[in-house]
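> Kindly generate the corresponding structure for this input.
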Amino acid sequence: MSSGQQDKENGSAGFADSLREIQGEYMMLGELYEMQKSHGQRLSEMMKTLQFEVDTVIPIRPEALGRPCRAAYLVSEGVVVVFDSSGAMSSKPLYTLPSEAIISIIQECTPELQRLLSDKRRSESNKVKSMERVFKELKKAQATFKQTKREDGAVEDEDNETTPAVEQIRPKDVSEAVATSRNSRDSFAFSGRFGEKDVPAVTS
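Below you'll find the model as predicted:
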């Protein structure tokens, strides 16, 4: 084999190796792009969840976007709203931005999110404490009411014990009492004085 043919074969082998390396690099780049996309979506979802709790628009410095603009904001649903130098507005979901912009915006918004979440946590904590105080007061009132009710029941029982039982009157006893009263009235005689006049005795 001549040296020329050998060089040609070596060149072909080297070219094939280069193609395989290029294909490998391309495949790894594709995997990295997919990983960046997946991470960007996960980061965007996390920011969306946190921002949902505070329900507030968070301002973004133009420097965090990496391009000049009049103003920028992270709004609900993880959307970045940008007003350019002329005042025109554009909006894009956070996860669709370049990876460096996603990272920069998250770093920009994190301190404000932390402050807002801390404020909300303190507010909710105060609400819970207020409800606990009301609950304790209601428990005290309920205990006092039950105690008073028990005491009232005890007094009522004592009254029932000291009050003599009413004797049952039988119909026969009523008849005998009526007859005795009639006999006494029929035999009644009165003698006395009304003013200065003598009143003769009255008999039945």
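
> gap between residue 126 and residue 49?
According to C-beta to C-beta, to the nearest Å, residue 126 and residue 49 sit 24 Å apart. Every residue, glycine included, has its C-beta placed from N, CA and C.

> Residue 58 too?
Counting by C-beta to C-beta - residue 58 and residue 49 are separated by 14 Å.

> Show me which of the two is the more surrounded one.
residue 58 (19 against 10; other C-beta atoms under 10 Å).

> Can you give me the pLDDT of the more buried one?
pLDDT recorded at residue 58 is 93.

> so what's it bridging to?
residue 74 (DSSP bridges).

> Let me see the contact set for it.
Each residue near residue 58 by C-beta atoms under 8 Å, 6 or more residues apart in numbering is listed here: 51, 73, 74, 109, 112, 113.

> Let's see that with 10 Å instead.
47, 51, 72-75, 105, 108-113, 116 (C-beta atoms under 10 Å, 6 or more residues apart in numbering).

> Now list the buried members of the residues you listed.
For those, a neighbour count by 16 or more other C-beta atoms under 10 Å gives the buried set as 47, 51, 72, 74, 105, 108, 109, 112, 113, 116.

> between those, which is closest to residue 95?
residue 47 (9.4 Å; C-beta to C-beta).

> Leaving aside the residues adjacent along the chain, what's closest to the closest one?
residue 78 (5.4 Å; C-beta to C-beta, 6 or more residues apart in numbering).
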